[in-house]
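>>> Could you work out the structure for the sequence below:
(one chain, ligands or ions: 1)
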Amino acid sequence: MAISALQKERASYAPKLPKSLQGYVTLVDGAATQSIADQADIKALFPNTYGMPLITFAEGSKKDYPTMNVGVILSGGQAPGGHNVISGIFDGLKKLNPANKLYGFLGGPGGFVDHQYIELTAAIIDEYRNTGGFDIIGSGRTKLEETAQYDKGVEICNKLGIKAIVIIGGDDSNTNACVLAEYYLAKNTGIQVIGAPKTIDGDLKNEMIETSFGFDTACKVYSELIGNIQRDANSAKKYWHFIKLMGRSASHIGLECALQTQANICIISEEVEAKKQTLDEVVTYIATIVAKRAANGENFGTALIPEGLIEFIPSLKVLISELNDTMAHHEAAFNALGSDAEKFQFISAKLSKTSADIFATLPQNIQFQLLADRDPHGNVQVSKIETEKMLIDMVAEKLKAWKKEGKYVGKFSGQNHFFGYEGRCAAPSNFDADYCYSLGFTASVLIGEGKSGYMASVRNCKAPASEWIAGGVPVTMMMNMEKRHGHMKPVIQKALVTLDGKPFKFFASKRDEWAIKTDYIYPGPIQYFGPSSVCDQPTKTLLLEQEGK
Ligand code: FBP
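Prediction:
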């Protein structure tokens with residue numbers, strides 16, 4: 001297979017490991033844990049995995065481990081570094097006992113249920129070290145939620161002699177991993193389940209998980225592109241670039257990119273919701289900055305728009321929730337309709353008056369996009385809603401009106417972009433390459449010591465990798481009860497942008513200046529070789545969050 005010059009050099013990169021994982025390892029039990037909320041409910045639902053202690057690693061001595069086979073599953077959207085988690089698991093298992101084997105389930109959790117797998121040999125692993133993507137075994141969004149699926153998993157584990165499964169996924173996949181761990185313990189299957197925190201969205205984090213892997217690389221890729229666009233904008237001085245950034249509900253990616261590039265505008269969905277802003281208020285905010293810059297003769301700029309914005313504008317949130325329910329209730333009749341216009345009429349007639357009125361005011365392409373297929377959780381696929389285009393049109397309309405009133409003098413020409421898939425499979429930055437490999441290695445140690453219901457955790461990430469603190473966190477510790485599809489369920493709490501957090505506060509203290517002044521930063525491409533100050537820096541979000549800790 002032909003590979004690029006960079007890939008060739010990068011294949012020999014040896015990811016850095018925390019000191020505690022470099023030699024023989026022993027486990028140190030910390031204090032017993034509790035869930036972050038709803039302790040009695042979570043305890044009742046997880047009698048076997050609730051209250052387990054936090055685990056850290058210390059230097060140990062040589063120990064004999066029996067042979068064991070392990071299975072790995074990639075779940076959900078791609079995130080840079082997944083291949084390094086797998087190579088970390090592989091190397092860690094071989095260190096425990098060279099006879100250990102690693103199997104990869106193909107195409108995500110579905111491969112576990114349908115018994116699609118390959119053995120991951122040293123030759124396969126070597127081909128994928130330090131590369132982006134999840135193509136080594138593929139990923140998928142099948143949810144592991146039914147006992148019939150768990151039982152099918154037991155069958156294949158027994159057939160292959162698999163004693164542990166590692167599920168690499170986001171908050172929902174790790175919630176399901178914990179339910180699976182509990183089920184396998186209750187049924188005495190002898191199969192352990194360990195999770196690893198993945199998602200470019202950055203919304204799987206807490207006191208014990210400082211960041212989800214992939215966030216670092218993806219944000220660096222988007223920031224490079226935004227920086228390039230800013231240079232173009234500042235050279236040509238004729239376009240306003242509206243850039244939608246992935247991240248589903250959370251605005252962490254937008255916030256991090258704003259911190260890296262000092263874009264003129266960055267909308268934070270969580271703030272829009274907290275301030276109960278209307279769509280018109282968001283549009284007015286953007287148009288005001290466009291007008292102020294125009295008054296200084298600068299008819300150009302950049303505006304970062306979080307992917308999930310539309311769901312955080314209170315009136316639209318109600319509309320979307322009604323759409324989700326109505327489409328689910330009338331699924332057959334809705335799907336039988338031919339044109340988008342018919343679908344729009346059919347659904348509009350079933351909405352509350354307020355929501356129907358709001359729906360009618362939206363541009364037609366957005367109306368139709370809101371009626372498109374739902375994701376497996378029944379939610380609208382925000383990556384498919386062209387919010388950035390809608391905002392360009394609405395800002396243009398507003399500026400036209402202001403021009404008539406003499407409130408605006410300038411030219412507005414919008415360019416739209418959506419950055420998401422461009423960054424999800426990039427070659428992992430040194431941070432993600434090291435972090436992911438360490439997470440995988442950690443998972444193998446937890447497996448070797450018989451642990452289940454834990455998530456691999458690597459902390460102190462602002463320090464050099466040798467000083468990182470590796471260990472395990474009981475997944476139940478991160479859980480609370482939330483309403484999902486009308487029922488209360490135990491779930492890992494999603495981490496959205498907090499308005500009293502240091503990254504947001506820093507951004508809020510600077511944004512008025514960045515809006516008007518042209519004070520762009522051009523981060524340039526990710527560097528894999530060179531000085532550590534350029535190559536090994538974690539995200540600004542992580543540095544701000546860990547400041548003083
Ligand atoms: P995960 O939560 O599974 O990590 O996926 C993240 C994400 O990239 C979101 O940012 C985005 O909204 C979604 O996946 C897109 O999903 P798909 O790949 O199915 O189009």
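>>> average model confidence for the helix or strand harbouring residue 510?
Per DSSP states H and E: residue 510 is located in helix 502-516. On average, the pLDDT along helix 502-516 is 98.
>>> helices or strands next to it in the packing?
Packing contacts for helix 502-516, counted by 3 or more CB pairs under 8 Å, 6 or more residues apart in numbering; DSSP states H and E, involve helix 252-261, strand 265-266, helix 279-295, helix 540-546. C-betas here are computed from N, CA, C, even on glycine.
>>> relative orientation of that helix and helix 252-261 in degrees?
For helix 502-516 against helix 252-261, the angle by axes from the mean of the first three to the mean of the last three CA atoms, to 10 degrees is 60 degrees.
>>> Buried residues in helix 502-516, which are they?
Within helix 502-516, the residues that count as buried by 16 or more other CB atoms under 10 Å are 503-504, 506-507, 511, 514-516.
>>> Beyond that helix, next helix or strand please.
Along the chain past helix 502-516, the next helix or strand (assigned with DSSP H and E) turns out to be helix 532-535.
>>> Can you give the contact residues for that following helix?
Around helix 532-535, the neighbours that count as contacts under CB atoms under 8 Å, 6 or more residues apart in numbering are 429-430, 464, 527-529.
>>> Work out the gap between stretch 542-549 and the centre of the chain.
20 Å (CA atoms, centre = their mean, to the nearest Å).
>>> Show me the contact partners of it.
By CB under 8 Å, 6+ apart, the surrounding residues in contact with stretch 542-549 are 210-211, 216, 259, 461-462, 501-503, 506, 537.
>>> What is the most widely separated pair among these?
Of all pairs drawn from the contacts of stretch 542-549, the one with the largest separation by CB to CB is 501 and 537; the distance is 19.6 Å.
>>> For my notes, confirm residue 93 occurs in a helix.
Yes. Residue 93 sits within a helix when classified using DSSP: H, G, I helix; E, B strand; the rest coil.
>>> Kindly provide the distance from the nearest residue to it once chain neighbours are set aside to residue 458.
Taking CB to CB, 6 or more residues apart in numbering, and ignoring the residues beside it in sequence, residue 93 has residue 100 as its nearest neighbour in space, at 4.1 Å. Distance from residue 100 to residue 458, counting by CB to CB, to the nearest Å: 22 Å.
>>> Which one's more surrounded, those two?
The neighbour count for residue 100 versus residue 458, taken as other CB atoms under 10 Å, is higher for residue 458 (28 against 22).
>>> what secondary structure does the more buried one sit in?
Residue 458 is classified as strand under three-state DSSP.
>>> on contacts alone, who are the packing partners of the longest helix anywhere in the chain?
For the chain, the helix that runs over the most residues, judged by DSSP state H, is helix 215-236. In terms of contacts (3+ CB pairs under 8 Å, 6+ apart), helix 215-236 is packed against strand 240-245, helix 252-261, strand 301-306, strand 414-419, helix 421-424, helix 430-448, helix 540-546.
>>> out of these, which comes closest to the ligand?
When those are ranked by distance to the ligand, counting by CB to the nearest ligand atom, first place goes to helix 421-424 at 5.8 Å.
>>> Give me the distance between that closest one and the centre of its chain.
In terms of CA atoms, centre = their mean, the centre of helix 421-424 is found 12 Å from the chain centre.
>>> Next: stretch 516-532.
Relative to the chain's own centre, stretch 516-532 is displaced by 23 Å; criterion: CA atoms, centre = their mean.
>>> Let's see it as PDB, backbone CA atoms only.
Extracted in PDB, the C-alpha atoms of stretch 516-532 (Å, rounded to 0.1, in the frame of the first residue of the first chain):
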ATOM      1  CA  ILE A 516     -13.700  45.100  16.200                       C
ATOM      2  CA  LYS A 517      -9.900  45.000  16.000                       C
ATOM      3  CA  THR A 518      -8.400  42.800  13.300                       C
ATOM      4  CA  ASP A 519      -6.200  40.900  15.700                       C
ATOM      5  CA  TYR A 520      -6.100  37.400  14.100                       C
ATOM      6  CA  ILE A 521      -3.800  34.600  15.100                       C
ATOM      7  CA  TYR A 522      -2.700  32.200  12.400                       C
ATOM      8  CA  PRO A 523      -2.000  28.800  14.100                       C
ATOM      9  CA  GLY A 524      -0.700  27.100  11.000                       C
ATOM     10  CA  PRO A 525      -0.800  23.300  10.500                       C
ATOM     11  CA  ILE A 526      -0.200  20.700  13.200                       C
ATOM     12  CA  GLN A 527       3.500  20.100  13.700                       C
ATOM     13  CA  TYR A 528       4.600  16.600  14.400                       C
ATOM     14  CA  PHE A 529       8.400  17.200  14.500                       C
ATOM     15  CA  GLY A 530      10.200  20.100  16.100                       C
ATOM     16  CA  PRO A 531      10.300  22.000  19.300                       C
ATOM     17  CA  SER A 532       8.000  20.800  22.100                       C
END
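>>> Buried residues of it, list them for me.
Using 16+ other CB under 10 Å as the burial criterion, the residues of stretch 516-532 that qualify are 516, 518, 520, 522-523, 526, 528.
>>> ditto for stretch 125-137
Neighbour-count burial for stretch 125-137, counted by 16+ other CB under 10 Å, picks out 125, 128-134, 136-137.
>>> same thing with stretch 412-424?
Applying 16+ other CB under 10 Å to stretch 412-424 flags 412, 414-420, 423-424 as buried.
>>> Endpoints of that stretch, how far apart?
Start and end residues of stretch 412-424 are separated by 32 Å (CA to CA, to the nearest Å).
>>> and what of stretch 400-414?
End-to-end for stretch 400-414, by CA to CA: 14 Å.
>>> Can you list the neighbours in contact with it?
When contacts are defined by CB under 8 Å, 6+ apart, stretch 400-414 is touched by residues 238-242, 287, 290-291, 293-295, 299, 392, 395-396, 399.
>>> If any of the residues you listed are buried, put those into a PyMOL selection.
The following PyMOL line selects those of the contacts of stretch 400-414 that are buried, judged by 16+ other CB under 10 Å:
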select buried, resi 239+240+241+242+287+290+291+293+294+299+392+395+396+399
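>>> Closest one of the contacts of stretch 400-414 to the ligand?
Within the set of those, residue 242 lies nearest the ligand; the separation is 17.8 Å, counting by CB to the nearest ligand atom.
>>> pretty sure that closest one is touching residue 394, no?
No. Applying CB atoms under 8 Å as the test, residue 242 and residue 394 come out as separate, 10.7 Å apart.
>>> what is in contact with those two at once?
Residues touching both residue 242 and residue 394 (CB under 8 Å, 6+ apart): none.
>>> Close to the ligand: what parts of the stretch 1-150 of the chain are there?
Where the stretch 1-150 of the chain comes near the ligand, counting by CB under 6 Å from any ligand atom, the residues are 76-77, 79.
>>> one more time with 5 Å, if that's ok
Counting by CB under 5 Å from any ligand atom, the residues of the stretch 1-150 of the chain lying close to the ligand are 76-77.
>>> what about the helices in the stretch 1-150 of the chain?
If DSSP state H, counting those that start in this stretch is used as the criterion, the helices of the stretch 1-150 of the chain fall at 5-10, 19-22, 39-45, 82-96, 109-113, 122-128, 147-160.
>>> okay if I get the ones you listed as JSON lines plus mean pLDDT and distance to residue 58?
Shown next, in JSON lines, are the helices of the stretch 1-150 of the chain (pLDDT from 0 to 100; distance: least, CB to CB, whole Å):
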{"stretch": "helix 5-10", "mean pLDDT": "94", "distance to residue 58": "32"}
{"stretch": "helix 19-22", "mean pLDDT": "96", "distance to residue 58": "6"}
{"stretch": "helix 39-45", "mean pLDDT": "97", "distance to residue 58": "29"}
{"stretch": "helix 82-96", "mean pLDDT": "98", "distance to residue 58": "16"}
{"stretch": "helix 109-113", "mean pLDDT": "98", "distance to residue 58": "33"}
{"stretch": "helix 122-128", "mean pLDDT": "97", "distance to residue 58": "28"}
{"stretch": "helix 147-160", "mean pLDDT": "97", "distance to residue 58": "31"}
